[in-house]
Structure formats: C-alpha cells, structure tokens
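Undergrad: I need the structure of the sequence given here:
(chains A and B)
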Protein chains: 2
Amino acid sequence: MSASARTRPSPEVLSAVTAELQALFGNRAVTSEAVRQQHGHTLTVIANQPPDIVVFPQDVDDCVAVMKLAAKHDVPVIPFGTGTSLEGHVNAPHGGISVDTSLMKAIIEVHAEDLDVVVEPGVTRKQLNEYLRDMGLFFPIDPGADASIGGMASTRASGTNAVRYGTMKDNVIALEVVLPNGEVIETSRRAKKSSAGYDLTHLFVGSEGTLGLITKVTLKLHGIPEAISAAVCSFPSVKAAADTTIAAIQSGIPLARIELLDEVQVRAVNVYSKLALPESPLLLLEFHGTDAGVAEQVERFRAIADDFGGGNFEWAVKAEDRTRLWQARHDAYWAALALRPGTKSQSSDVCVPLSRLAECIDETKKDIVETGLVAPIVGHVGDGNFHVLPLMDENDPADVARVTAFMGRIVDRALAMGGTCTGEHGVGQGKMKYLKAEHGAAALALMGALKRAVDPAGIMNPGKIVAG
Amino acid sequence: MSASARTRPSPEVLSAVTAELQALFGNRAVTSEAVRQQHGHTLTVIANQPPDIVVFPQDVDDCVAVMKLAAKHDVPVIPFGTGTSLEGHVNAPHGGISVDTSLMKAIIEVHAEDLDVVVEPGVTRKQLNEYLRDMGLFFPIDPGADASIGGMASTRASGTNAVRYGTMKDNVIALEVVLPNGEVIETSRRAKKSSAGYDLTHLFVGSEGTLGLITKVTLKLHGIPEAISAAVCSFPSVKAAADTTIAAIQSGIPLARIELLDEVQVRAVNVYSKLALPESPLLLLEFHGTDAGVAEQVERFRAIADDFGGGNFEWAVKAEDRTRLWQARHDAYWAALALRPGTKSQSSDVCVPLSRLAECIDETKKDIVETGLVAPIVGHVGDGNFHVLPLMDENDPADVARVTAFMGRIVDRALAMGGTCTGEHGVGQGKMKYLKAEHGAAALALMGALKRAVDPAGIMNPGKIVAG
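TA: Model (predicted):
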C-alpha cells in the first residue's frame, strides 16, 4: 500500500498481527489502553494518536521479526525511545506497532583508545555518561531531557553543548539499522573517516524512524576536560547578549555552552528553581579546557562582554553550583509553564545564521508584545538557535489560534533570514507544513523519492516528515 | 536506459548532441582529441576513457541546459573539476558529456560574521584561501593538490588538517545541485544546524557526481589562528610514532596536523625536496591556537613523545620554513616516484580505527618486505588514515599484478580491523570491487536503490560507485 493511501489496519489484520506478536513476544507485546496511550504521548498540544500494539524487543533479531511481520501484513512500525520528542514523532495516525526500545539498553563496547562507544538504541544519555565517568570520558550531546540515544539520532538532536561539540549529525559514527525489507545493515565502519560511497549514516540520522529501525549506534566520545567553569553574565538587552555571542564565536573562543535567557525566562527560572539571578537578559556560559586554557578563554570572553555592556559576571566553579545552574536551564520549559499555571505551551526552535540572530529575536519580542502573549525566550545562541515558549489555554480555541499563528510567523521570519523551521526538535507531524517553504518543491520531492526508495510500502512511521 | 545496460551513444545521437551543445555554447563545447583525452585523465594507472565532448558552463542555467539535453538524448554527464582525483572518477566508460567547471570560479558571498562562504564549484582551495587571507579567515581542508571545491565535495576529500578541522563532510554547509531531471535544489539553509527532514547535503557530499551536478557550495570557514607552530620529531619505529599519536589525541591535544612519514618516504623527500631530515620514521606536526595555547600544546606533546622515545624535536616557527616542510609533505607522491624514475604508483588510502593503526602499518611493512616492493608510507595518522605508494613498471604485467594483489591485501587487512578501503580518495572505478566486502550486500543494494531514486535513467557519471 502506498503511504499516501494508507488507512488503519482492518480488525482482521489487527487480530492476526496481535496474535503473531503475542506468540513471539509473550507479555512483551502489550495492547492495554494505558500503555498504548502512553506510546502516542508527546510533550506538546498535538493530539494523542495511540498505536494498536506496543512491543518491547530485546535484540536485533526481535526487531527483524517485528519488521517482517509488519511488512507481511502492511502495518505501520513506529520506533519509540523515551517519548520526549515535541512534534508528534511517536504518534500513530494510521495505527500500527510501536517498537519500544527500552529493553535494549546495553552499552556494548567502549573503545577508549578510539574515543568511541557502541550502544543499543534504548540507552539514555545520562545512563551512558554515568557509565563513562570513571573512564574519564563523556558523551556531550545534551538536549535537556534524558532522551534515548536512538531517539536522539533519529531527530538529529543537539542542545546546550552543540556550539562546541556539534549535534548528533557530528557525533554518530555508524548505525545498525533494520530496513523495511527486514535486512540488517551497518551504515559505516568505525574508522574516523571514509569516502567509500553514499553516506548512509547521515541518511538515517534525522530521519525520525521513517526509513528503518535503529538497533545499534556508534558514537564519538570526548575526554572529560581537565577544567570546567560556568558563569552567568547579565546584559542591558537581548541584542547586546547576542552581539557578545557573535563576537566571542568569531574570535575563536571555544565556548562549550552559551545560552541566552531573556528577562521573562530569567524571572520564570528564579521562581521555579529558587534562584536570584538579576532579571535582565542573561548569558549562561561554560568553558572547557586545561586550567590555563579555561582561564584564558574566560579573560577573553569578559573583555568582549565588557564592550557590549555585560556586567554582573558571576562564577560557578564548584560542580554543585554548576549542576544547579544547568538544572535550572534544563527546567526552563517547566519554569515557563509555571508563569501561568494550568497553561500549555508550544516550543518553537528556529535556527538562523548567527549574524541575523539579534534581529530575529528582536522582531520576535516585538511580535510577542503586539500579540499580547506571555512567551519566554531561551536560546542556544552560539548556534543561532532559540526557543520561544508562548503560554496558552488549550481549551480556548481563540488562544490556541493566536499562538499557532504567532508560531508560524516565527518560522516565516527565520526562513526569510536564511534559517530553518527546526534547529533540533525535528519535523514529526507538527512541522511538515513548513517544509515546502523551507526546502522548495523540488528538494521536498527528492526527499519523497528517497523515502519511497528505502520504504516502498510506506510502513515506517507514516505521516511524518514527507507524506510518502 | 538503465545504467547497467548502458552503451556508448550512437553516432546519430552523438552528432545531434554535439550540434545542440555547440549551438548553445559555441566554442565552450569542445570535441578535440587533446581536450577529450585531458578530461578522462587521472593521476593513476587506470586507463584513460575520454568523454565524447567537453562543455564549459558559466552558470547554473548552462548546467541545467546541459542536463536537460543529456536527459533528452539519454547521454552520460560527467562532472569535472581539476582532474586531480585518483580512482578514475572523471573517466567516461560509456562516453558522454564532460562538464568542466573551470569557468565557474566566482567567490559569491563571504559571511564573515557567520564564518561561511558561498562559492561556485570551480573555485580551487588555494584561490579561496588567497581571497580570504586579508579577512583573517581560512578554509582548512587541504588534500595536497589544488583541487576544486566542487570536486573536493564530490569525493568527500580531507587531507592533512582533517584531524583538527574534519573532512568535507564536516565543512560543507549546503549545496546547490542540478538534479538529473533538470530541477535545481538547495540541500540546506545556511543556519548552523537543522532537523528539518532528510540530510540532502550529506547525500551529495561524497557521491562523486553520480547523483547530480553541484553548482554552488556553502562552506564553513575558520579564523586564522593567532599562533601557528610546526615541528618534526623522529622516532625509533613506526609503532612508536603511531603510539605517540594515539596518546596525544586521547589526551585531548587539539593537534592541527600530525603526519607520519616512514623512513623510506623520508629518504625520498630528502632527495626530492633537498632537505636533511633524519632518515627514521618521523612525525610532521602543526599546532594552532593562541600563543599561550600553542606553547601548552607543544609542551604536552613533547612529554608524550619523550615517553615513546621520540627525539630530534625540531621547530619551524617562521612561515617560510613551515611552507617548505609542508610543500615537501605535499610532494611526497612525486618524491616517491623519483625513487625509481620511470615508474608509476598506485596510492592506497585505507583508514582504520586509531587503536589498530600501528598494527596495520606494521603488517603492511612486513608485506612490503616479503613482496619485495619499494613502497613508501605516509599517513594522516591522527585519523588512522595512511597511504602506501608501491612503485611499479606499468609496462611489466607481472609487476602490475604483484602490486595490484598487494593493494588488495592492504584493503583486506584494513577491513578486518574495522577500517575502510578509502579514507579520502573515493571509490571512482578503482575501488568499486571492494564495496561489497566493506558494506555488505544489503547496504550496497540500498546505495543502488538511492542511485536509482535520484537518477532513474542512470545518466550521472555512470560506472562509478554503484553499477546502477
């Protein structure tokens, strides 16, 4: 069946699929309402569309069995990590089988000399970093949530450390994938570089489960830096903070983290996380290196911040103070919601060229005022990526419509500045409507051709990214 | 016509194509024997297979016109940069149109604040760096030859700076491509990161002209470091040099270049470039950073080298001394050939995980002795990538067979160690025979499916990477 013509499986097909899955997986094949609901769950306002059945494979052979069965019955397969994605990636608009990777949590091999590790897709980033700590190694990608590595690869995730260490695109070395035809491939070797044909690794990174089931991930690792320092620095305006960021990056300071919180978000964080940060636009920084190197970075950064009116430079050298600051940053979403209890939020994540960042945030802040919204801003500004979190009453259609239109204007603004509709959250269901404007019809048609080449029957996570 | 069934264009088709191209391009459509021969030319022993006609487009519209005409007549299109590739990439086994990009040499836009630049594909890396120098910026990828940016993107090139700055995979932000159907796409926006759908940029980087014609390239730039120091350091054995490399990388020293020359290659370089380097295995190093940062890197590197018996640490702080050393490194291929004048060489470029590098080079050196070859070794050892340059008399079939078998054994050895048959040269015609062993049948079939999805008629550079 072609993806565009896809409908829900018939009751007959569904009962055959369920019987076969239960025969194979026993109590690891679940059809209870609660478990199905949980597997369609997303963190946003997109309506829940639960799968018909949830299976919990333990290894690649289990995944191959699911895929072959799904292909035989022409039933959708939706990969599931921890369910922390934001754009309806795990929803099942056409029903089907949710493949929950939470039992595939083995850290298979650490190659310390090669600075890489091979893991199963259900391993979470915190689990991995706890495992690695005693070896003096770490995995830097940090999207905030304790997401699974398979999910992070699938959405091309990034987060606060990307300015120094890149995104999942830069940190996935190889994948093992079960293709829709049931074949198992490795997308690349472990060698640091290769020119041996088409780049299959990057085809699957960011493909959001629409091309195959990831069953193994090889990741780059980094040595834990000898010295880590964190600091906060206040600015008279968002523009001053953004201009400081541009100048620091241009001058080659290897910032590990540089996060912007606007004055609204700082107020939210102070209340939620019981901090006493000055309530003006703020950069939250982290420096990694040798002792001497970090000292030099900080000195150079302070000189630049001074030029743009930065002040109140405060330190957090102790690990517990740093942890508290970054926890507050990671709780920004919940802190924002607490500004208007009972509300929900959508989260934009546009990314623009650094040179346009100050202008893009400035215009967005004007739009917030004109629209009359409460909408804190927090951003991975070293990458030109920022989040706006407009609060809304999801039971008030006028409020929802007002916020939805506002979110669309942010995307239009970013696209007009050479940016993208999504820097890190992915397309899922929520951002499909923006792809034609971003990529153009011909590039989008090419994406559709790739999808059909890899998944001709359209069984992999249908209704996401491209229609099929 | 499917690619696998492809034959040369008939005389009737050829004369129609030639007439149409000459009408469109005038004297920028050339059929002279000399120009055709030159455009099938490669630097190795692979036999020359000239195209039927060579065209010199001036802009993307010219490229679209060529592509539409080629599609109409079902005639191959072979993109051509500077002809410095090593695996027969520009050969025309089925005839067709060579598209020489040497008139597309505009540096379109430098975005200094965003550290990126947009160029036409015929721009060469030296041209680009001369243009950028006064802005304090540089483009780091350096494969030795003064290759074109379009060609470097197509082969996923790298070279001596990759250990610090990555390969073309890490430095191409976006491409403009003419697809085989004549449509023009942009593969990505200029923003530093995006999760907006399939990664079209990486699909084309390394695709060797088999999926489309690159007409524009957006590249990452870097600030010229405040301080640059180069040094040479001798070692008692290749293993000691490799072990020093592993330890230095693991300890997080951000080496900009770390190149190994074995004692045979050092002797060749001394003769060819009139140097007096000690004739033992040698690391050629470069450090980039602030003054204090470079001093710290050097001190830490020396301590590690000392542990592995490294000695004769010699400096080249002055720019002219550095240039002389790196010129000697870049001339390694010609220096090797001069060891046995009149011979030719093949160049292997396997890449293995760093932890296996010493073992892989050691076994290869034993093989050289047992086979009775003269075969210098030079390597980008920070990446686990090395070249072996066995000399041979191309008129002696026994010599050619002996060397060809030896080259196959290097690949087998690298694959058994988790490596790749090609770290940077690409597949072209020469390495197609290794891809099944490297990727497996299912992954290779997937590459074929991608090729057919993008280029169903098989007109783009047929006979390279995958059969079609």
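Undergrad: grab the longest helix from chain A for me.
TA: The residue-count maximum for a helix in chain A (DSSP state H) belongs to helix A:397-416.
Undergrad: may I see the buried residues of it?
TA: For helix A:397-416, the buried set under the neighbour-count rule, 16 or more other CB atoms under 10 Å in any protein chain shown, comprises A:399, A:400, A:402, A:403, A:406, A:407, A:410, A:411, A:413, A:414, A:415. Where C-beta positions appear, they are placed from N, C-alpha and C, glycine not excepted.
Undergrad: list the contacts of it.
TA: Here helix A:397-416 makes contact (CB atoms under 8 Å, 6 or more residues apart in numbering or on different chains) with A:45, A:346, A:348, A:350-352, A:360, A:363-364, A:367-368, A:371, A:373, A:375, A:388, A:390, A:392-394, A:420-421, A:434, A:437-438, B:189, B:191.
Undergrad: what subset of the residues you listed is buried?
TA: A:346, A:348, A:350-352, A:360, A:364, A:367-368, A:373, A:375, A:388, A:390, A:392, A:420-421, A:434, A:438, B:189, B:191.
Undergrad: hang on, isn't residue A:165 packed against residue A:219?
TA: No: look at residue A:165 against residue A:219 with CB atoms under 8 Å: they stay out of range, at 11.2 Å.
Undergrad: where do the contact lists of those two overlap?
TA: residue A:171.
Undergrad: residue contacts, residue A:101?
TA: Contacts of residue A:101 by CB under 8 Å, 6+ apart are A:57, A:79, A:80, A:81, A:120, A:121, A:122, A:148, A:150.
Undergrad: name the nearest residue to it, ignoring sequence neighbours.
TA: residue A:122 (3.9 Å; CB to CB, 6 or more residues apart in numbering or on different chains).
Undergrad: got the contact list for the closest residue to residue A:184 other than its chain neighbours?
TA: Spatially, and ignoring its direct neighbours in sequence, residue A:184 is nearest to residue A:178 (5.5 Å; CB to CB, 6+ apart). By CB under 8 Å, 6+ apart, the contact set of residue A:178 is A:60, A:63, A:64, A:67, A:184, A:212, A:213, A:215.
Undergrad: let's see it at 6 Å
TA: Residues counted as contacts of residue A:178 (CB atoms under 6 Å, 6 or more residues apart in numbering or on different chains) are A:63, A:64, A:67, A:184, A:212, A:213, A:215.
Undergrad: and the buried ones among the contacts of helix A:397-416, which of them are in strands?
TA: A:388, A:392 (DSSP state E).
Undergrad: against chain B, how distant is residue A:385?
TA: From residue A:385 over to chain B the distance is 6 Å, taken as CB to the nearest CB, to the nearest Å.
Undergrad: tally of neighbours for that residue?
TA: When neighbours are defined as other CB atoms under 10 Å in any protein chain shown, residue A:385 has 29 of them.
Undergrad: same check on residue A:12?
TA: Using other CB under 10 Å, residue A:12 has 9 neighbouring residues.
Undergrad: ok but it is inside a helix, no?
TA: Yes: per DSSP: H, G, I helix; E, B strand; the rest coil, residue A:12 lies within a helix segment.
Undergrad: list the contacts of residue A:450.
TA: Contacts of residue A:450 by CB under 6 Å, 6+ apart are B:198, B:453.
Undergrad: list the buried ones in whichever strand or helix holds it?
TA: Using DSSP states H and E, residue A:450 falls within helix A:441-454. By neighbour count with 16+ other CB under 10 Å, helix A:441-454 contains the buried residues A:443, A:444, A:445, A:446, A:447, A:448, A:449, A:450, A:451, A:452, A:453, A:454.
Undergrad: what's the angle from that helix to helix B:441-454?
TA: Between helix A:441-454 and helix B:441-454, the angle comes out at 150 degrees (axes from the mean of the first three to the mean of the last three CA atoms, to 10 degrees).
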